[in-house]
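Visitor: What follows is a predicted structure for the sequence shown.
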Amino acid sequence: MKKIVSITAMFTILLITACSKKDKELPVSKVQLLTSGTWKLTGVLSDNDGNGTYEENAYAGFLDCYKDNYYTFRVNYELELNEGLTKCAPSDPQTEMGNWQLTNNETNLVINTDPYSLEELNSNTLRIKETFGGNRSSMITFTKR
């Protein structure tokens with residue numbers, strides 16, 4: 001009887017310890033986050049007067065043929081732009097290729113030669129900021145498809 005109680009106690013302790021340990025998740029790199037799927041443009045806000053407040057929803061004025069485009073960041077630092085289901089001009093190619101890189105200790109995203117400040121990047125959201133003269137800027141949001 002003592003053996004059964006001892007085995008039961010050990011099993012219970014083992015079960016409690018095993019359940020209380022959280023699996024350690026390895027941190028996901030920014031490259032892994034970018035290249036883990038495709039991204040769809042879902043928002044563009046503009047600060048046209050340079051005061052730090054995004055007062056214009058520029059995305060609302062985009063044609064539908066731009067809103068269904070999606071972007072694939074490849075591990076070889078190529079970027080594919082896919083026109084999606086609706087093309088603005090039927091003669092446009094379905095896909096176009098470019099390149100991308102993370103710079104400045106992975107705080108900037110350069111697409112082709114255009115630099116963007118990397119404001120947010122997680123498994124669902126990519127948010128980049130494009131700055132123009134006179135402190136004007138646009139905040140561009142992509143959502144994982």
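Guide: Cool, the structure landed. Numbering: from 1, shown residues only.

Visitor: and the residue nearest the centre of the chain, what pLDDT?
Guide: In the chain, the centroid-proximal residue (Cα atoms, centre = their mean) is residue 126; its distance is 3.1 Å. Residue 126 carries a pLDDT value of 98.

Visitor: wouldn't it be in contact with residue 39 here?
Guide: Yes: counting by Cβ atoms under 8 Å, residue 126 touches residue 39, with 5.6 Å between them. Placement of C-beta: from N, CA and C, glycine included.

Visitor: and for these two, which residues touch both?
Guide: Listed as contacting both residue 126 and residue 39 by Cβ atoms under 8 Å, 6 or more residues apart in numbering are 142, 143, 144.

Visitor: got any ranges where the chain has weak pLDDT?
Guide: Residue ranges of the chain with pLDDT under 70: 1-23.

Visitor: residue ranges for the helices of it, please.
Guide: In the chain, the helices defined using DSSP state H lie at 2-20, 30-35, 64-67.

Visitor: Next step: the shared contacts of residue 126 and residue 39 restricted to strands.
Guide: Among these, the members falling in strands (DSSP state E) are 142, 143, 144.

Visitor: Burial check on the first one, number of neighbours?
Guide: The number of residues packed near residue 142 is 21, by other Cβ atoms under 10 Å.

Visitor: from the shared contacts of residue 126 and residue 39, which single one is nearest residue 61?
Guide: For the shared contacts of residue 126 and residue 39, the closest approach to residue 61 (Cβ to Cβ) belongs to residue 142, at 17.8 Å.

Visitor: That closest one contacts residue 41, correct?
Guide: Yes: between residue 142 and residue 41 there is a contact at 5.7 Å, judged by Cβ under 8 Å.

Visitor: Which residues are in contact with each of the two?
Guide: residue 71.

Visitor: how far away is the nearest residue to residue 51 once chain neighbours are set aside from residue 90?
Guide: Once flanking residues are discounted, residue 51 sits nearest to residue 135: 7.8 Å by Cβ to Cβ, 6 or more residues apart in numbering. Taking Cβ to Cβ, to the nearest Å as the measure, residue 135 falls 40 Å from residue 90.
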